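> The sequence isn't on hand, but the structure is:
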């Protein structure tokens, strides 16, 4: 049994659209986290954190973006595999491996975003604790770092 190109486009459109939508979601999350960290580092957003403390959150958000891009690559391979299966029905169903790698990449990207947020929240708590214990100069003004 052979399929027409219209059938092929209709049956493979939904999985590829879902995978690309997932990419957009995780890429936006990590991108906005990275924009927040860079805004703090460049002084656009006022903060008392030293710039070197922002390295770990920035690295986590960059890893999230890289994993999202890797997931998009695997989504493309999944799409190719699905299209080849629809053209030749006798072909083995090999799209499960790249699909698993796609989902794994997106999950790891979400985990990297969570780690970046965790680093940012803990840096804020650390900075708050450090300011409480910093020696104060005359008039109760803390010494600059």
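Here it is on my side, so go on. What you are looking at is a predicted structure, and each value in this text was computed from that prediction instead of being measured.
> and the most centrally placed residue in the chain, how far is that from residue 34?
By CA atoms, centre = their mean, the chain has its centre lying nearest to residue 64, at 3.2 Å. Using CB to CB, to the nearest Å, residue 64 is found at 8 Å from residue 34. Heads up, the C-betas are built off the backbone N, CA and C, glycines and all.
> same question, residue 66
According to CB to CB, residue 66 and residue 34 sit 11 Å apart.
> Neighbour count: these two, which is higher?
Neighbour count, other CB atoms under 10 Å: between residue 66 and residue 34, residue 34 has more, with 20 against 15.
> For the chain, which segments count as strands?
Here the chain has no strands by DSSP state E.
> Spit out the contact partners of residue 93.
Contact analysis of residue 93 by CB atoms under 8 Å, 6 or more residues apart in numbering lists residue 85.
> How many neighbouring residues does the nearest residue to residue 39 once chain neighbours are set aside have?
Using CB to CB, 6 or more residues apart in numbering and skipping residues adjacent in sequence, the residue nearest residue 39 is residue 45, 4.3 Å away. Using other CB under 10 Å, residue 45 has 12 neighbouring residues.
> cool, the one 5 residues further on as well?
Around residue 50 sit 11 other residues, with neighbours defined as other CB under 10 Å.
> I'd like to know how far it sits from residue 98.
Distance from residue 50 to residue 98, counting by CB to CB: 43 Å.
> so where's the chain uncertain?
Within the chain, the segments meeting pLDDT under 70 span 1-16, 86-92, 127-145.
> give me phi/psi at residue 46?
Here is the backbone geometry of residue 46 (degrees, to the nearest 10): phi -70, psi 130.
> what about it, distance to residue 23?
Distance of residue 46 to residue 23, computed by CB to CB: 33 Å.
> And those two? Which one has more around it.
Using other CB under 10 Å, the more surrounded residue of residue 46 and residue 23 is residue 23, with 22 against 7.
> Not counting its neighbours along the chain, what's nearest the more buried one?
Spatial nearest neighbour of residue 23, excluding adjacent residues (CB to CB, 6+ apart): residue 72 at 4.6 Å.
> OK, contacts around the one you found?
With CB under 8 Å, 6+ apart, residue 72 has these contacts: 19, 20, 23.
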